[in-house]
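Engineer: got a sequence here, can you model it:
(one chain, ligands or ions: 1)
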Amino acid sequence: MSGEANGRPSGKRAQAGGKTSHTKQSRPSGRGGNRGKVDPPKRKAVTPRELALNILVKVADSGAYSNIQLNRSLQESGMSRQDAGLATELVYGTISRQATLDHWLSKFVSKGLHKLDTWVHQLLRLSAYQMLFLDRIPTHAAVNEAVTIAKRRGHSGISGMVNGVLRSIDRGREELVLSSIRAATPVATLALRHSYPEWLVERWVAAYGLEEAEAICASSNEQPHASIRVNTVLADRNDRLRELSDNGIHAEPSAIAPSGIVVTGGGNLAETDGFRQGLWSLQDESSMLVAEVVSPKAGMKVLDCCAAPGGKSAHMAELMDGKGKVWANDLHAHKRELIVAQTERLKLRNVEAVVGDATELPERFAPESMDAVLLDAPCSGFGVIRRKPEIKWTKTEGDISEIAALQRQLLHRVSGLVRPGGTLVYSTCTMEREENEAQIETFLREHPEFSLDADWPETVLSNLRDAGVIGDQFDGQLQLLPQHFGSDGFYIARMVKAL
Ligand SMILES: C[S@@+](CC[C@H](N)C(=O)[O-])C[C@H]1O[C@@H](n2cnc3c(N)ncnc32)[C@H](O)[C@@H]1O
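Structural biologist: Residues are numbered from 1 along each chain as shown. Have a look, this model is predicted:
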């Protein structure tokens with residue numbers, strides 16, 4: 001996964017029983033017609049809650065991706081920025097918190113949640129989410145609109161039931177707090193409190209211990225912050241920082257990525273001149289570290305094996321000052337367009353987008369012909385749960401083993417393309433040891449010509465040291481957890497091939 005930042009509103013999500021949300025109450029967009037004229041009947045503007053409900057039902061029924069559905073629906077709706085912010089918060093928050101919400105809802109739905117129609121179940125979750133996790137949404141607003149929607153979609157029995165359940169939740173809210181949730185085991189308690197499948201929490205506890213696992217869970221429920229990567233071929237980070245501030249946008253240099261800027265309150269950053277002119281790209285800060293760790297130099301030959309949508313290929317081409325060559329390969333032909341669009345926007349002429357299975361790259365390129373090879377592998381993606389919360393519920397343990405087997409094959413195949421003395425960087429946006437440290441351990445055992453390389457750029461190492469994320473024992477591999485910097489969970493290993 002790319003770790004590209006999306007346009008979600010920034011800020012912390014509230015915790016039930018300790019609210020800190022910044023979300024404001026929404027109003028229907030209220031676009032009226034011209035009175036006096038006979039206009040064709042207009043479609044009633046969709047409200048943020050209706051839009052959110054439609055998306056939740058689609059995600060639940062057909063496994064649609066929430067971020068893709070949301071972007072599409074928001075574009076079609078023409079909603080105000082504030083309403084779009086609310087709809088976005090409702091979709092991501094409701095999906096993310098669904099296990100906790102169901103735990104509480106099940107106390108009040110006597111016939112059992114599993115017997116409800118999908119839309120009724122999602123409507124209850126959506127409404128309970130507003131009541132128990134968001135500030136500034138008055139209970140009557142959440143309940144009244146839920147009842148109105150239920151009346152429109154169902155019969156009076158359903159709207160009465162929705163009303164009754166939500167009123168009970170309101171009356172019982174003192175007890176519906178995360179800290180009072182207790183289950184049979186510490187893992188089960190964490191899973192229910194933070195709303196994750198138990199098997200996943202169990203893996204994190206085994207890998208990182210109870211405390212770190214809880215921090216992963218809590219931090220992955222937060223809203224991601226927006227960050228941009230300055231295109232250093234065309235622009236300077238300090239100039240961009242000044243320009244953003246002059247436009248009233250809060251902007252700070254990234255604490256980890258040398259060309260990154262963390263932006264708050266910038267609206268849809270993809271709809272700005274700076275983006276269109278290629279002065280910067282939207283990218284998560286952890287994801288920005290990957291190309292920095294490859295550290296390609298002008299004139300080098302670099303292969304990005306799994307490249308779409310092209311964020312890291314473009315970043316490497318920028319670090320090479322547009323000189324040398326980056327081959328950006330991806331399995332899917334339709335994704336080639338994304339890479340091309342990105343490099344054209346950034347005015348980078350040293351990237352060639354190619355299509356193919358990375359396991360077949362040794363048939364396309366000569367052995368040992370690359371100065372650097374990046375394998376930003378397909379992975380389970382748990383480092384980006386904040387951007388795609390449904391993966392909590394759709395991924396299985398079997399998926400992890402399956403993807404780890406593919407990663408192992410990919411690593412083996414592409415490693416032969418690295419020249420002696422050249423660099424191989426492997427990265428994923430997940431925290432699973434099986435896909436990360438264990439994967440690299442196996443690779444190094446099977447490929448003794450490679451070794452881990454701790455010689456990372458000092459600009460990156462000093463930031464990681466200052467934050468206490470790495471110590472004196474740094475060996476060339478890094479597991480960034482979402483709680484470290486509030487950026488995506490990422491694993492990066494840099495290896496060098498013996499001369
Ligand atoms: C983690 S994403 C890459 C993100 C990209 N590096 C970026 O920063 O924008 C993984 C990519 O691997 C591609 N992929 C999956 N299996 C592949 C294979 N066998 N060969 C090549 N690409 C593959 C997917 O299409 C997906 O675009």
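
Engineer: C-alpha from now on. contacts and neighbour counts both.
Structural biologist: Noted.

Engineer: near the ligand, which residues of this protein are found?
Structural biologist: Residues of the chain lying close to the ligand (C-alpha under 6 Å from any ligand atom) are 1-2, 305-312, 330-332, 357-358, 376-378.

Engineer: narrow those to those in strands?
Structural biologist: Asp330, Asp376 (DSSP state E).

Engineer: can I get stretch 270-284 as CSV, trimmed to CA atoms?
Structural biologist: Extracted as CSV, the C-alpha positions of stretch 270-284 are listed here (Å, rounded to 0.1, in the frame of the first residue of the first chain):
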residue,chain,number,x,y,z
ALA,A,270,-5.2,17.8,-4.2
GLU,A,271,-7.3,20.8,-5.3
THR,A,272,-4.6,23.4,-4.9
ASP,A,273,-2.2,25.1,-7.4
GLY,A,274,0.9,23.8,-5.7
PHE,A,275,-0.3,20.2,-6.2
ARG,A,276,-1.3,20.8,-9.8
GLN,A,277,2.0,22.5,-10.6
GLY,A,278,3.9,19.5,-9.2
LEU,A,279,5.5,21.4,-6.3
TRP,A,280,4.5,18.7,-3.9
SER,A,281,2.7,15.4,-3.5
LEU,A,282,0.4,14.0,-0.8
GLN,A,283,2.1,11.3,1.1
ASP,A,284,2.3,9.9,4.6
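
Engineer: chain center to that stretch: distance?
Structural biologist: In terms of C-alpha atoms, centre = their mean, to the nearest Å, the centre of stretch 270-284 is found 18 Å from the chain centre.

Engineer: please apply the same query to stretch 489-499.
Structural biologist: On C-alpha atoms, centre = their mean, the centre of stretch 489-499 falls 23 Å from that of its chain.

Engineer: ok, now stretch 148-157?
Structural biologist: 34 Å.

Engineer: buried set for that stretch?
Structural biologist: Neighbour counts over stretch 148-157 (16 or more other C-alpha atoms under 10 Å) mark Ile149, Ala150, Lys151 as buried.

Engineer: quick one: low-confidence ranges for this protein?
Structural biologist: 1-44 (pLDDT under 70).

Engineer: and the longest strand for it?
Structural biologist: strand 418-428.

Engineer: packing partners of that strand?
Structural biologist: For strand 418-428, the contact count by 3 or more C-alpha pairs under 8 Å, 6 or more residues apart in numbering; DSSP states H and E identifies helix 285-294, strand 370-376, strand 490-497 as packing neighbours.

Engineer: can I get those in CSV including mean neighbour count?
Structural biologist: Shown next, in CSV, are the helices and strands packed on strand 418-428 (neighbours: other C-alpha atoms under 10 Å):
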stretch, mean neighbour count
helix 285-294, 24
strand 370-376, 25
strand 490-497, 24
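
Engineer: would you reformat these as JSON lines and include distance to Tyr208?
Structural biologist: JSON lines is the format used below for the helices and strands packed on strand 418-428 (distance: least, C-alpha to C-alpha, whole Å):
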{"stretch": "helix 285-294", "distance to Tyr208": "19"}
{"stretch": "strand 370-376", "distance to Tyr208": "23"}
{"stretch": "strand 490-497", "distance to Tyr208": "14"}
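
Engineer: any idea how far the closest residue to His250 other than its chain neighbours is from Ile391?
Structural biologist: Computed as C-alpha to C-alpha, 6 or more residues apart in numbering, the closest residue to His250 that is not its neighbour in sequence is Thr264, at 5.1 Å. Going from Thr264 to Ile391 by C-alpha to C-alpha, to the nearest Å gives 26 Å.

Engineer: looking at those two, which is more packed in?
Structural biologist: Ile391 (20 against 17; other C-alpha atoms under 10 Å).

Engineer: is it true that the more buried one touches Ile385?
Structural biologist: Yes. Between Ile391 and Ile385 there is a contact at 6.6 Å, judged by C-alpha atoms under 8 Å.

Engineer: common neighbours of the two, please.
Structural biologist: Residues touching both Ile391 and Ile385 (C-alpha atoms under 8 Å, 6 or more residues apart in numbering): none.

Engineer: which element is Gly322 on?
Structural biologist: For Gly322, there is no host helix or strand (DSSP states H and E).

Engineer: ok, now which ones touch it?
Structural biologist: Val233, Ala298, Leu348, Arg349, Asn350.

Engineer: would the fourth one count as being in a strand?
Structural biologist: No. Under the criterion used here (DSSP: H, G, I helix; E, B strand; the rest coil), Arg349 is coil, not part of a strand.

Engineer: quick one: the closest residue to it other than its chain neighbours and Leu374, what's the gap?
Structural biologist: In this structure, Arg349 finds its nearest non-sequential neighbour in Gly322, 6.4 Å apart by C-alpha to C-alpha, 6+ apart. With the distance defined as C-alpha to C-alpha, Gly322 ends up 18 Å from Leu374.

Engineer: list only buried entries from the residues of the chain next to the ligand.
Structural biologist: 1-2, 305-312, 330-331, 358, 376-378.

Engineer: from the chain's centroid, how far away is the strand or helix carrying Leu86?
Structural biologist: Assigned by DSSP H and E, Leu86 belongs to helix 81-96. How far helix 81-96 lies from its chain's middle: 15 Å, per C-alpha atoms, centre = their mean.

Engineer: need the next SSE after it, C-terminal direction.
Structural biologist: Next along from helix 81-96, by DSSP H and E: helix 98-105.

Engineer: for the stretch 51-200 of the chain, what spans make up the helices?
Structural biologist: 66-77, 81-96, 98-105, 118-133, 139-153, 156-171, 186-194, 198-220 (DSSP state H, counting those that start in this stretch).

Engineer: that older thread, buried subset of the contacts of Gly322, written for PyMOL?
Structural biologist: Selection of the buried residues among the contacts of Gly322 in PyMOL, burial being defined by 16+ other C-alpha under 10 Å:
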select buried, resi 233+298+348+350
